[in-house]
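take this sequence and fold it.
(one chain, ligands or ions: 2)
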Amino acid sequence: MSMDRRQFLKIAGISSILGLGATAASATHNIWVKGLSPEEAAKNPEALSAKHWAMVVDMSKFKTDEDFQKTISACHTTHNVPDFGNIKDEIKWIWKEKYENAFPDQDNPYMEEKLKEMPFVVLCNHCENPACVRVCPTQATFKRKQDGIVMMDMHRCIGCRFCMAACPYGARSFNYRDPRGKKANGELFIKSENKEYPTRTKGVVEKCTFCTERLAVGKLPACVEAAPKGGMFFGDLADKNSEVRKIVETRYTIRRKPELGTGPSVYYLIGGTEHA
Ligand code: SF4
Ligand code: SF4
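Ligands and ions are numbered 1, 2, ... in the order given. Here you go, the predicted model:
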């Protein structure tokens, strides 16, 4: 790894506790999910925590292919997600999925083909009852007690892929190849490595982390920041005053495969919003 794991956890964890990172956060990130500036967040480390991080996606704001690409690429470049150059080995933390695949339970026999084909942005749902966590034999994947984020410890992962089989959303990818390697033409699988974030090894599973490293320093997730204006919201669902809570309370939202009882923390706003 280009960054030692202990070093990484130290930066992510300690800066959260001390509120140091918020000072380091760029002033260009008008970040704070509770409406605080980085300076205010630095003075109030409590503001860097949440009881239940959640996301709301408003697909009506994603109008062009570029809107999707910018959002996906922000995540994948930030997190050193390799591009192996073929679908079979694809690693994805956030991706485009057709409506009919993302929401198979919402289908009806009269639905127009173009509606079924509509692209949605999907990612790990950081489920309240994560099926992946239940089946992991080494606790390499676990749900954080403090804020509900479902994490991966790459060093504990033995590559059994039980979690991939258990996840009903296809939110996990397996490194069949070494992400630090090269294609036959010499091009690196990770084109431009972010030295601030660890790379992974062959044989481990990976997925979206809800950008824990960014939350720890008071930044919004990279995808939320890169999404079209009003396209993605992120905040503490347990906080009655948060934007995500207000949207979920007052607007019609849907979640992926709710009938499975996993309790996704990613909500999709239907019918657009004035929250933009
Ligand atoms: S979406 Fe899948 S990988 Fe993510 S927490 Fe839920 S079951 Fe686990
Ligand atoms: S929340 Fe962070 S890790 Fe998850 S998809 Fe968005 S950018 Fe990627």
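
where does the stretch 151-276 of the chain dip in pLDDT?
Applying pLDDT under 70 to the stretch 151-276 of the chain picks out residues 272-276.

can you tell me how far residue 172 is from residue 125?
Distance, residue 172 to residue 125, by Cβ to Cβ, to the nearest Å: 12 Å. All C-beta atoms are positioned from the backbone trio N, CA, C, and that covers glycine.

I should have written residue 230 there, sorry.
21 Å.

neighbours of residue 66, how many?
Residue 66 sits with 11 neighbouring residues when counted by other Cβ atoms under 10 Å.

one step back: please say which of residue 230 and residue 125 ends up with more neighbours.
The neighbour comparison of residue 230 against residue 125 (other Cβ under 10 Å) goes to residue 125, with 24 against 15.

grab the nearest non-local neighbour of that one.
Of all residues not flanking residue 125 in the chain, residue 264 sits nearest, at 3.4 Å (Cβ to Cβ, 6 or more residues apart in numbering).

quick one: contacts for that neighbour?
125, 126, 127, 128, 169, 255, 256, 257, 258 (Cβ atoms under 8 Å, 6 or more residues apart in numbering).

how about a cut-off of 7 Å?
125, 127, 255, 256 (Cβ atoms under 7 Å, 6 or more residues apart in numbering).

with residue 208 instead?
Under the criterion of Cβ under 7 Å, 6+ apart, the neighbours of residue 208 are 93, 94, 123, 124, 171.

out of the residues you listed, which are inside strands?
Among the contacts of residue 208, the members falling in strands (DSSP state E) are 94, 123.

nearest to residue 51 among the contacts of residue 208?
residue 124 (18.7 Å; Cβ to Cβ).
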